[in-house]
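Engineer: Quick one: sequence plus predicted model below, questions after.
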Amino acid sequence: MQTAVGVFGGEGYKDRMDVLPLMVANAGECNRSAISSLDSPPFLAVELCREHLGVHPCDKRRSISDYQFLFPAIDFSLAKSDEDILWKANVRETNEEVAARGLKFMNWLWTRKEKEIAIVTHSGFLFHTLNAFGNDCHPLVKTEICKHFANCELRSMIIVDRSMAGSDSSTTNYPGKIPPGLDLPSDIADGKLENEARNSGLT
């Protein structure tokens with residue numbers, strides 16, 4: 001959550017009754033000033049996209065009530081319990097269980113009305129989730145999809161539900177469509193090349 005508000009949050013927070021801070025000052029002893037929610041996208045905490053669960057204390061979350069104090073403008077309404085009931089002290093999730101949780105998260109994503117969503121999570125969760133995708137792609141594409149994320153790495157991905165292909169008007173090539181009209185940058189470039197070839201006597 002600290003990473004999310006640092007990347008997508010507003011400017012430094014000023015006390016205002018109508019706007020909550022995304023993060024209070026020094027949240028989690030981070031030595032940072034408060035971050036405003038003004039002009040920032042909505043933030044929603046989703047437990048399905050947590051890191052590999054179990055055994056390691058660093059993968060256990062605090063209580064939701066603690067988080068609501070530290071991150072007042074984040075929506076925690078999807079959390080089923082104030083305390084962490086997913087993390088077990090003596091049982092570590094298998095890689096397959098992480099991937100299955102990741103697929104549940106992806107299925108939840110399809111229920112969202114937003115077209116652009118930033119997911120801020122941990123590399124292990126992303127690695128095992130994305131490994132479930134791209135099996136019908138060229139091996140190089142599959143490798144690119146599944147490689148580990150570096151610390152604080154940002155990637156942009158387009159996820160297409162093939163069952164919905166053709167159901168929505170699209171201005172891009174996704175899903176499986178070509179934009180209507182001329183591809184102006186290419187057409188202009190081709191025209192310039194033809195003109196240069198004519199002028200140099202190469203035609």
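Structural biologist: Noted; the coordinates are in hand. Residues are numbered from 1 along each chain as shown.
Engineer: Which helix or strand contains residue 128?
Structural biologist: Secondary-structure element containing residue 128, defined by DSSP states H and E: helix 123-130.
Engineer: could you point out which element follows that helix?
Structural biologist: Where DSSP H and E defines the elements, the next helix or strand beyond helix 123-130 is helix 139-146.
Engineer: Please spell out which residues along that next one are buried.
Structural biologist: Taking 16 or more other C-beta atoms under 10 Å as the basis for neighbour counts, the residues of helix 139-146 that come out buried are 142, 145-146. Any C-beta I mention is one placed from the backbone N, CA and C, and that applies to glycine too.
Engineer: A helix includes residue 121, no?
Structural biologist: No. Secondary structure assignment places residue 121 outside any helix; it is coil (DSSP: H, G, I helix; E, B strand; the rest coil).
Engineer: so where do the helices sit in the protein?
Structural biologist: Under the criterion DSSP state H, helices of the chain are mapped to 2-8, 64-70, 95-110, 123-130, 139-146, 184-199.
Engineer: highest average neighbour count across the ones you listed?
Structural biologist: Of all the helices of the chain, helix 123-130 carries the top mean neighbour count, a mean of 20, counting by mean count of other C-beta atoms under 10 Å.
Engineer: Quick one: distance of the helix holding residue 128 to the chain centre.
Structural biologist: With C-alpha atoms, centre = their mean, to the nearest Å as the basis, the distance from the averaged C-alpha position of helix 123-130 to the chain average is 12 Å.
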